[in-house]
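1. Okay, predicted coordinates and the sequence, questions at the end:
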Amino acid sequence: MKKIYLFSDGSSLGNPGDGGYCAILKFGEHEKVISGAKSDATNNQMELLAVIEGLKALKEPCEVEVVSDSSYVVRAINEWLDGWIKKDFKKVKNPEFWREYVDVSKPHKIKATWVRGHNGHTENERCDKIAKEEATKIRKSRC
């Protein structure tokens, strides 16, 4: 199984508001950037959508280390998700996103690692910048 690093970040202008996300996939020297935007989104939704879209871009089962500054995403993946699945996501925020995450994560072996945001981590800083740019673009497109 290939070892992939999936760096991710999300942004929401207003929370909820115009949102943007970014994932950077790294395999050895290869890198792919995935980004996009969604209106009326929360920061947590965009953080999770970055991971989902990053996983969707993988063409084969991989060992994936998700690196995120979102303790919500990291703790959910590493600690809470099994319990949420058992209770069919009752009383869980963003169940439609988590169901999609479960679906796209099935072929992969995933571990999530938390990094402190805005602390000089190269890929995290890039993801943050791109996610904010995406959120800003969607906001400007309506003006």
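-> Sure, I can see it. Numbers count the residues shown, from 1 in each chain.

2. make it CA atoms for all contacts and neighbour counts henceforth
-> OK.

3. in the protein, which spans are strands?
-> Ranges of strands within the chain are 2-13, 17-27, 30-41, 62-68, 109-114, based on DSSP state E.

4. Direction included, what does the shortest one pair against?
-> This means strand 109-114. Next to strand 109-114 in the sheet, as set by DSSP bridges, lie strand 62-68 (parallel).

5. do the second one as well
-> For strand 17-27, the paired strands and their directions (DSSP bridges) are strand 2-13 (antiparallel), strand 30-41 (antiparallel).

6. just checking, what packs against the helix or strand bottoming out on mean pLDDT in the chain?
-> Least confident helix or strand of the chain, by mean pLDDT, DSSP states H and E, is helix 122-141 with a mean of 94. Where contact means 3 or more CA pairs under 8 Å, 6 or more residues apart in numbering; DSSP states H and E, helix 122-141 is packed against strand 2-13, strand 17-27, strand 30-41.

7. Make JSON lines out of these and add distance to Leu81 and mean neighbour count.
-> Below are the helices and strands packed on helix 122-141 laid out as JSON lines (distance: least, CA to CA, whole Å; neighbours: other CA atoms under 10 Å):
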{"stretch": "strand 2-13", "distance to Leu81": "18", "mean neighbour count": "25"}
{"stretch": "strand 17-27", "distance to Leu81": "21", "mean neighbour count": "26"}
{"stretch": "strand 30-41", "distance to Leu81": "21", "mean neighbour count": "17"}
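
8. how about those strands in CSV, adding distance to Lys111?
-> Output for the helices and strands packed on helix 122-141, formatted as CSV (distance: least, CA to CA, whole Å):
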stretch, distance to Lys111
strand 2-13, 10
strand 17-27, 14
strand 30-41, 19
